[in-house]
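Undergrad: Let's see this in three dimensions:
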Amino acid sequence: MSIKESIIHEALKLFSLKGFSSTSITDILEATGSSKGGFYNHFKSKEDLFFAVLERARQIWREKVLTELDKVDQPLDKICKLLENYRDLYLIDPENIPGGCIFINLAVELADKYPHLADGVNQGFAGFKTMVNNLLNDAKKQGVLKVDASTEAMTEMVFAGMLGASVMYSVDKSTENLQRTIGAIIQYLHT
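TA: Numbers count the residues shown, from 1 in each chain. All right, here's what the predicted structure looks like:
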(Lines give C-alpha, C1' and ligand atoms only; values in the text may rest on other atoms or scores of the structure.)
Protein backbone atom coordinates (compact mmCIF):
# COMPACT_ATOMS: atom_id res chain seq x y z
CA MET A 1 0.00 0.00 0.00
CA SER A 2 1.41 3.40 -0.96
CA ILE A 3 1.79 6.23 1.56
CA LYS A 4 -1.16 8.03 0.00
CA GLU A 5 -3.37 4.91 0.15
CA SER A 6 -2.28 4.28 3.74
CA ILE A 7 -3.17 7.83 4.74
CA ILE A 8 -6.61 7.53 3.12
CA HIS A 9 -7.23 4.12 4.70
CA GLU A 10 -6.24 5.17 8.21
CA ALA A 11 -8.10 8.49 7.93
CA LEU A 12 -11.23 6.58 6.86
CA LYS A 13 -11.00 4.42 9.98
CA LEU A 14 -10.30 7.40 12.23
CA PHE A 15 -13.09 9.53 10.74
CA SER A 16 -15.42 6.56 11.23
CA LEU A 17 -14.44 6.23 14.89
CA LYS A 18 -13.71 9.79 16.00
CA GLY A 19 -15.26 12.00 13.34
CA PHE A 20 -13.63 14.54 11.06
CA SER A 21 -13.26 17.35 13.60
CA SER A 22 -11.79 15.19 16.36
CA THR A 23 -9.24 13.52 14.11
CA SER A 24 -6.07 15.52 13.83
CA ILE A 25 -3.44 15.27 11.14
CA THR A 26 -1.12 14.11 13.92
CA ASP A 27 -3.53 11.22 14.66
CA ILE A 28 -3.40 10.22 11.00
CA LEU A 29 0.40 10.51 10.87
CA GLU A 30 0.75 8.34 13.98
CA ALA A 31 -1.60 5.71 12.54
CA THR A 32 0.33 5.58 9.26
CA GLY A 33 3.86 6.14 10.56
CA SER A 34 4.16 8.94 8.03
CA SER A 35 5.61 12.41 8.33
CA LYS A 36 4.02 15.82 7.75
CA GLY A 37 6.02 16.01 4.54
CA GLY A 38 4.60 12.66 3.46
CA PHE A 39 1.11 13.93 4.17
CA TYR A 40 1.50 17.26 2.40
CA ASN A 41 3.14 15.63 -0.62
CA HIS A 42 -0.24 14.01 -1.27
CA PHE A 43 -2.82 16.36 0.27
CA LYS A 44 -3.05 20.13 0.42
CA SER A 45 -5.09 20.07 3.62
CA LYS A 46 -7.24 17.95 5.89
CA GLU A 47 -10.26 18.95 3.77
CA ASP A 48 -8.46 17.73 0.65
CA LEU A 49 -7.94 14.41 2.46
CA PHE A 50 -11.62 14.41 3.41
CA PHE A 51 -12.68 14.28 -0.25
CA ALA A 52 -10.22 11.45 -0.96
CA VAL A 53 -11.61 9.55 2.05
CA LEU A 54 -15.17 10.23 0.90
CA GLU A 55 -14.39 8.81 -2.55
CA ARG A 56 -12.76 5.73 -1.03
CA ALA A 57 -15.75 5.27 1.31
CA ARG A 58 -18.09 5.44 -1.68
CA GLN A 59 -16.00 2.85 -3.49
CA ILE A 60 -16.16 0.50 -0.50
CA TRP A 61 -19.92 1.08 -0.21
CA ARG A 62 -20.44 0.24 -3.90
CA GLU A 63 -18.22 -2.86 -3.71
CA LYS A 64 -20.04 -4.22 -0.68
CA VAL A 65 -23.63 -3.03 -0.97
CA LEU A 66 -24.07 -3.46 -4.72
CA THR A 67 -22.36 -6.85 -4.87
CA GLU A 68 -24.34 -9.43 -6.88
CA LEU A 69 -27.24 -7.00 -7.33
CA ASP A 70 -27.03 -7.61 -11.06
CA LYS A 71 -27.87 -11.29 -10.45
CA VAL A 72 -31.26 -10.37 -8.97
CA ASP A 73 -34.14 -9.89 -11.41
CA GLN A 74 -37.07 -8.47 -9.45
CA PRO A 75 -36.87 -4.84 -8.24
CA LEU A 76 -38.09 -5.55 -4.68
CA ASP A 77 -35.67 -8.45 -4.42
CA LYS A 78 -32.89 -6.07 -5.51
CA ILE A 79 -33.75 -3.71 -2.66
CA CYS A 80 -33.82 -6.65 -0.23
CA LYS A 81 -30.42 -7.83 -1.51
CA LEU A 82 -29.09 -4.30 -1.15
CA LEU A 83 -30.33 -4.20 2.47
CA GLU A 84 -28.83 -7.61 3.22
CA ASN A 85 -25.48 -6.54 1.73
CA TYR A 86 -25.60 -3.30 3.71
CA ARG A 87 -26.20 -5.27 6.90
CA ASP A 88 -23.94 -8.27 6.29
CA LEU A 89 -21.06 -6.88 4.24
CA TYR A 90 -20.87 -3.14 4.80
CA LEU A 91 -21.91 -2.14 8.32
CA ILE A 92 -19.94 -4.83 10.08
CA ASP A 93 -16.64 -4.04 8.32
CA PRO A 94 -14.14 -3.39 11.13
CA GLU A 95 -11.22 -3.09 8.73
CA ASN A 96 -12.56 -0.04 6.91
CA ILE A 97 -15.33 1.48 9.04
CA PRO A 98 -14.95 0.31 12.64
CA GLY A 99 -17.18 3.13 13.88
CA GLY A 100 -20.16 2.21 11.71
CA CYS A 101 -21.47 3.87 8.56
CA ILE A 102 -19.10 6.73 7.92
CA PHE A 103 -21.64 8.59 5.80
CA ILE A 104 -24.17 8.82 8.61
CA ASN A 105 -21.53 9.66 11.18
CA LEU A 106 -20.12 12.44 9.00
CA ALA A 107 -23.50 13.81 7.93
CA VAL A 108 -24.50 14.34 11.55
CA GLU A 109 -21.16 15.80 12.55
CA LEU A 110 -20.59 18.09 9.57
CA ALA A 111 -24.07 19.51 8.95
CA ASP A 112 -23.55 22.63 11.09
CA LYS A 113 -19.76 23.01 11.25
CA TYR A 114 -18.78 22.18 7.68
CA PRO A 115 -21.87 22.35 5.43
CA HIS A 116 -19.76 22.28 2.26
CA LEU A 117 -18.32 18.92 3.35
CA ALA A 118 -21.73 17.64 4.45
CA ASP A 119 -23.03 18.39 0.94
CA GLY A 120 -20.66 15.76 -0.44
CA VAL A 121 -22.12 13.19 1.93
CA ASN A 122 -25.70 14.25 1.25
CA GLN A 123 -25.23 13.83 -2.51
CA GLY A 124 -24.64 10.14 -1.85
CA PHE A 125 -27.83 9.92 0.20
CA ALA A 126 -29.80 11.55 -2.62
CA GLY A 127 -28.33 9.12 -5.15
CA PHE A 128 -29.20 6.14 -2.96
CA LYS A 129 -32.78 7.33 -2.50
CA THR A 130 -33.14 7.83 -6.25
CA MET A 131 -31.94 4.28 -6.85
CA VAL A 132 -34.40 2.82 -4.32
CA ASN A 133 -37.25 4.96 -5.64
CA ASN A 134 -36.52 3.86 -9.23
CA LEU A 135 -36.59 0.21 -8.16
CA LEU A 136 -39.88 0.74 -6.34
CA ASN A 137 -41.34 2.45 -9.42
CA ASP A 138 -40.22 -0.54 -11.51
CA ALA A 139 -41.97 -2.86 -9.03
CA LYS A 140 -45.10 -0.73 -9.33
CA LYS A 141 -45.00 -0.94 -13.14
CA GLN A 142 -44.69 -4.73 -12.88
CA GLY A 143 -47.77 -4.84 -10.67
CA VAL A 144 -45.86 -6.02 -7.60
CA LEU A 145 -46.88 -2.87 -5.71
CA LYS A 146 -50.36 -1.42 -5.59
CA VAL A 147 -51.03 1.39 -8.05
CA ASP A 148 -51.76 3.83 -5.23
CA ALA A 149 -48.62 2.91 -3.25
CA SER A 150 -46.41 5.95 -2.66
CA THR A 151 -42.92 4.98 -3.79
CA GLU A 152 -41.60 8.25 -2.36
CA ALA A 153 -42.96 7.40 1.11
CA MET A 154 -41.64 3.85 0.84
CA THR A 155 -38.23 5.16 -0.17
CA GLU A 156 -38.15 7.44 2.87
CA MET A 157 -39.13 4.53 5.15
CA VAL A 158 -36.38 2.31 3.75
CA PHE A 159 -33.84 5.11 4.07
CA ALA A 160 -34.94 6.08 7.58
CA GLY A 161 -34.86 2.43 8.63
CA MET A 162 -31.32 2.05 7.34
CA LEU A 163 -30.27 5.23 9.13
CA GLY A 164 -31.79 4.01 12.38
CA ALA A 165 -30.21 0.59 12.06
CA SER A 166 -26.83 2.19 11.38
CA VAL A 167 -27.02 4.55 14.33
CA MET A 168 -28.07 1.80 16.71
CA TYR A 169 -25.33 -0.50 15.42
CA SER A 170 -22.70 2.20 15.88
CA VAL A 171 -23.90 2.60 19.48
CA ASP A 172 -24.39 -1.02 20.60
CA LYS A 173 -22.51 -3.11 17.98
CA SER A 174 -25.27 -5.70 18.35
CA THR A 175 -25.52 -7.86 15.25
CA GLU A 176 -28.76 -9.29 16.70
CA ASN A 177 -30.38 -5.85 16.76
CA LEU A 178 -28.97 -5.09 13.33
CA GLN A 179 -30.41 -8.33 11.93
CA ARG A 180 -33.79 -7.58 13.50
CA THR A 181 -33.95 -3.97 12.27
CA ILE A 182 -32.89 -4.63 8.69
CA GLY A 183 -35.07 -7.75 8.72
CA ALA A 184 -38.07 -5.58 9.62
CA ILE A 185 -37.42 -3.34 6.62
CA ILE A 186 -37.19 -6.38 4.35
CA GLN A 187 -40.41 -7.77 5.82
CA TYR A 188 -42.10 -4.39 5.25
CA LEU A 189 -41.08 -4.51 1.58
CA HIS A 190 -42.55 -7.98 1.17
CA THR A 191 -45.90 -6.89 2.57
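Undergrad: Going by neighbour count, list what's buried in the helix or strand of the chain with the lowest mean pLDDT.
TA: Within the chain, no helix or strand scores below helix 102-113, which has a mean of 92 by mean pLDDT, DSSP states H and E. Neighbour counts over helix 102-113 (16 or more other CB atoms under 10 Å) mark 102, 103, 104, 105, 106, 107, 109, 110 as buried. For the C-beta atoms, the positions are set from N, CA and C on the backbone; glycine is no exception.
Undergrad: For residue 149, grab phi and psi.
TA: Main-chain torsions, residue 149, degrees, to the nearest 10: phi -70, psi 130.
Undergrad: how about it, what does it touch?
TA: Listed by CB atoms under 8 Å, 6 or more residues apart in numbering, the contact partners of residue 149 are 136, 140.
Undergrad: How much space separates it from residue 137?
TA: 10 Å (CB to CB, to the nearest Å).
Undergrad: Does anything pack onto the host helix or strand of residue 15? Which helices or strands?
TA: Element membership of residue 15, judged by DSSP states H and E, is helix 3-18. Secondary-structure packing of helix 3-18 (3 or more CB pairs under 8 Å, 6 or more residues apart in numbering; DSSP states H and E): helix 25-32, helix 36-42, helix 46-65, helix 102-113.
Undergrad: Contacts for it next, please.
TA: With CB under 8 Å, 6+ apart as the test, helix 3-18 has contacts from 1, 23, 27-28, 31-32, 34, 38-39, 41-43, 49-50, 52-53, 56-57, 60, 96-100, 102, 105-106.
Undergrad: Recalculate using a threshold of 7 Å.
TA: Here helix 3-18 makes contact (CB atoms under 7 Å, 6 or more residues apart in numbering) with 1, 23, 27-28, 31-32, 34, 38-39, 42, 49, 52-53, 56-57, 96-100, 102, 105-106.
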